[in-house]
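Novice: Predicted structure and sequence below. I'll ask about it afterward.
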Amino acid sequence: MTAAARIVAYLGGNGSFSEEACRRFVPAHQLMPLGDFASVARAVCQGSADLALLPVSNSRVGPIATVRHLLAHPELRVVGEQVLGVRLHLLGCEGADITTIRHVSSHPAALIQCAPYLDGREWIAIPAASTSEAARQLAASNDPSRAAIASEAAAAIYGLRVLARDLQGEAENITRFAIVERRDQFA
Ligand SMILES: O=C(O)C(=O)C[C@]1(C(=O)O)C=C[C@@H](O)C=C1
């Protein structure tokens, strides 16, 4: 990564794991949250962002196919990699507890990471654009039959309660992030 980079694009809004990765691994950069991985990659290709952080693989899920595909774009190059430990919690609104939940929403990668916890529960899993978006939508719905799987930071930001902690279980749950630049940026 070069010293000249200033704007970093990433998936999610406040409280996403990608945001946590940005704050840790590329601090002092201006954050540009976007709604999906393709928009993040496009922002770097088109020059509206100087770099991007994208999750490339997870210790439970394996490679994140969509992101691998985007990173094959000839205008992009990976300039660094960092790993983030991911702790996933079940969040609910006021009045919710484990017995009121019927639907659970999160990013598909997070839902897979929690499969051992979710298996055997008769909850309907609803994919969301990111863990933080699942938390934001839950807070807006204020519906005690719904839950989101997201970070502790997302619980605080969206005023949600943590109903159950560490759904990823005890084994290490690590997501590897790629730091990406436009290939010709400093040519
Ligand atoms: O949804 C988020 O919070 C993200 O940053 C995405 C993402 C991913 O796609 O792997 C990042 C880290 C975790 O593995 C779960 C979700």
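Specialist: Good, I have the coordinates.
Novice: Next, see if stretch 148-164 gets close to the ligand.
Specialist: No: if you take CB under 6 Å from any ligand atom as the test, stretch 148-164 misses the ligand, and the best it gets is 6.9 Å. Glycine gets a C-beta too; all of them are placed from N, C-alpha and C.
Novice: and the helix or strand where residue 137 lies, average pLDDT?
Specialist: In this assignment (DSSP states H and E), residue 137 forms part of helix 131-141. Taken as a whole, helix 131-141 carries a mean pLDDT of 98.
Novice: Are it and the ligand in contact anywhere?
Specialist: Yes: using CB under 6 Å from any ligand atom as the criterion, contacts between helix 131-141 and the ligand involve 131, 132.
Novice: Can I get that helix as CSV, trimmed to CA atoms?
Specialist: The C-alpha coordinates for helix 131-141 follow below in CSV (Å, rounded to 0.1, in the frame of the first residue of the first chain):
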residue,chain,number,x,y,z
THR,A,131,-23.9,-8.2,8.9
SER,A,132,-24.3,-4.4,9.7
GLU,A,133,-27.2,-4.1,7.2
ALA,A,134,-28.9,-7.0,8.9
ALA,A,135,-28.6,-5.2,12.2
ARG,A,136,-29.8,-1.9,10.8
GLN,A,137,-32.9,-3.5,9.2
LEU,A,138,-33.7,-5.3,12.4
ALA,A,139,-33.5,-2.1,14.4
ALA,A,140,-35.8,-0.4,11.9
SER,A,141,-38.3,-3.2,12.1
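Novice: Show me what it is packed against.
Specialist: With contacts defined as 3 or more CB pairs under 8 Å, 6 or more residues apart in numbering; DSSP states H and E, helix 131-141 has these neighbours: strand 89-92, strand 103-106, strand 146-150, helix 152-158.
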